[in-house]
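K.L.:
Here is my input; please provide its structure:
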Amino acid sequence: MRRTYLGEFEEVVLLMVAILDGEAYGVTVSQALEEHTGRIVTFGTVHNTLIRLEEKGFVSSQLGGATNERGGRRKRIFQATALGNRALQEIQQLRHELWQMMPPTKLRLTGL
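P.N.:
The predicted structure follows:
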């Protein structure tokens, strides 16, 4: 099976979708990323990333109910797919293995 690689921003957006577990839509993902990473992200960037992740099969989406706060418009709710969850597990394992290879002296010298 050919592996699809994720960029760093795609990875954190996918991870946030998995964390939000059924409550992930453009605004909530943007707010959560800013809150937890300190990184300023625009709704448009997050939305485009969510669509790209859906095209790659890492997330799926469905329309939620219409709300008065959105002027009767429906939210597109995103959920991590089995492929997305598997990708996150593989990424976590790879990063763990790479960090285990880091010489302890390098960590002390850089202040990590």
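K.L.:
Can you give the contact residues for the helix or strand hosting His96?
P.N.:
His96 belongs to helix 82-101 when assigned by DSSP states H and E. Residues outside helix 82-101 that contact it (C-beta atoms under 8 Å, 6 or more residues apart in numbering): 3-4, 6, 11, 14-15, 17-18, 53, 57-59, 80. For the C-beta atoms, the positions are set from N, CA and C on the backbone; glycine is no exception.
K.L.:
6 Å - rerun?
P.N.:
Here helix 82-101 makes contact (C-beta atoms under 6 Å, 6 or more residues apart in numbering) with 14, 57-59.
K.L.:
average pLDDT across it?
P.N.:
Summarised as a single mean, pLDDT over helix 82-101 is 92.
K.L.:
so Ser60 is in which element?
P.N.:
Here Ser60 sits within strand 59-66, counting by DSSP H and E.
K.L.:
Check the offset of the helix or strand immediately after that strand in the chain from the chain's centre.
P.N.:
The C-terminal neighbour of strand 59-66 among helices and strands, as given by DSSP H and E, is strand 74-80. Going by C-alpha atoms, centre = their mean, to the nearest Å, the spacing between the C-alpha centre of strand 74-80 and its chain's C-alpha centre is 13 Å.
K.L.:
do the same with stretch 12-31
P.N.:
With C-alpha atoms, centre = their mean, you get 6 Å for stretch 12-31.
K.L.:
Check stretch 99-106 too.
P.N.:
27 Å.
K.L.:
which neighbours does the strand holding Ser60 have in its sheet, and in what orientation?
P.N.:
Sheet pairing of strand 59-66 (DSSP bridges) gives strand 74-80 (antiparallel).
K.L.:
Can you dump the C-alpha atoms of the partner strand in CSV for me?
P.N.:
Written as CSV, here are the backbone C-alpha positions of strand 74-80 (Å, rounded to 0.1, in the frame of the first residue of the first chain):
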residue,chain,number,x,y,z
ARG,A,74,-25.6,24.3,8.5
LYS,A,75,-22.2,23.4,9.9
ARG,A,76,-20.0,20.9,8.1
ILE,A,77,-18.8,18.5,10.9
PHE,A,78,-15.6,16.6,10.3
GLN,A,79,-14.7,13.2,11.8
ALA,A,80,-11.4,11.3,11.5
